[in-house]
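> turn this into a structure:
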Amino acid sequence: MDRIIGFDSQLLVQMGIQFLNTLVCFAILYYFLYKPVKKFMAARTKKIELQLSQAQLKLNEADSLKKEYENKIRELESKQNEIIETVHKQANADKDLIIYEARQEALKIKERAKLEIEYEKQQVQSDMKNQIVNISWIIAGNFLNENINDDVQNEFAKQAILKLGEMKW
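Predicted coordinates:
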C-alpha cells in the first residue's frame, strides 16, 4: 500500500455504494424537497403576477379617476369664474343703479331746498313789505296828522304805495 489511492475492488464497490447513496438521496430530496419548493415558487410567482396585474388595473383605474377629477375641477373652476364674472357684472350694474338713484335723489333734495329757499325768501320779502308798509303808515300818519290836511295826505299815501310796489326785493 504504498500508493495513496488504490483502485482495488473494495474501492470500486464503496464508490458504487456511495454513488447509489447519492442517487437515492438525490431522488428523495428531489421528490420531497425540490418538487414542493418548485410548486411553492410557481404558486408564489403566479400570486405575484396576479397582484401586479391587479395593481396595474388599479393604477389604470386611478389614472382614469384622476383625469376625470381633473376635468371636473377644470369645469368647476370655469363655472366658478363664470359665476364670479356674472356677480361682478351684476354688482357693477347695481352700483351704477344706486349711484344713479342717489344722484336723482340729490337733485330732488336740491330742488326742494331751492323751492323752500325761494318760498322762505318770498315770505321774508312779504313780511318785510308788510312791516315797511306798517312803519310807513305809522310815520306818514303821524307826519300827516301834524302837518298835512286830508287831501294831501291821501295823495302822499297813493304815491308811497306805488313806489313800494315798484321796488324789487
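> where do the helices of this structure begin and end?
9-29, 35-147, 150-166 (DSSP state H).
> other SSEs contacting the longest one?
The contact analysis (3 or more CB pairs under 8 Å, 6 or more residues apart in numbering; DSSP states H and E) places helix 35-147 against helix 150-166. Glycine gets a C-beta too; all of them are placed from N, C-alpha and C.
> quick one: list the elements packing against the helix it packs on.
On a contact count with 3+ CB pairs under 8 Å, 6+ apart, helix 150-166 meets helix 35-147.
> any chance of the helices of the chain in JSON lines with mean neighbour count and mean pLDDT as columns?
Below are these laid out as JSON lines (neighbours: other CB atoms under 10 Å; pLDDT from 0 to 100):
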{"stretch": "helix 9-29", "mean neighbour count": "10", "mean pLDDT": "90"}
{"stretch": "helix 35-147", "mean neighbour count": "10", "mean pLDDT": "90"}
{"stretch": "helix 150-166", "mean neighbour count": "11", "mean pLDDT": "75"}
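> how far away is the spatially most central residue of the chain from Q90?
Nearest to the centroid of the C-alpha atoms of the chain, with distances taken as CA atoms, centre = their mean, sits I84, at 6.3 Å. For I84, the distance to Q90 (CB to CB, to the nearest Å) stands at 11 Å.
> repeat for I135
66 Å.
> same deal with K79?
Per CB to CB, K79 is found 16 Å from Q90.
> what do you get for L33?
The value you get for L33 to Q90, if CB to CB is used, is 82 Å.
> that'll do, ta.
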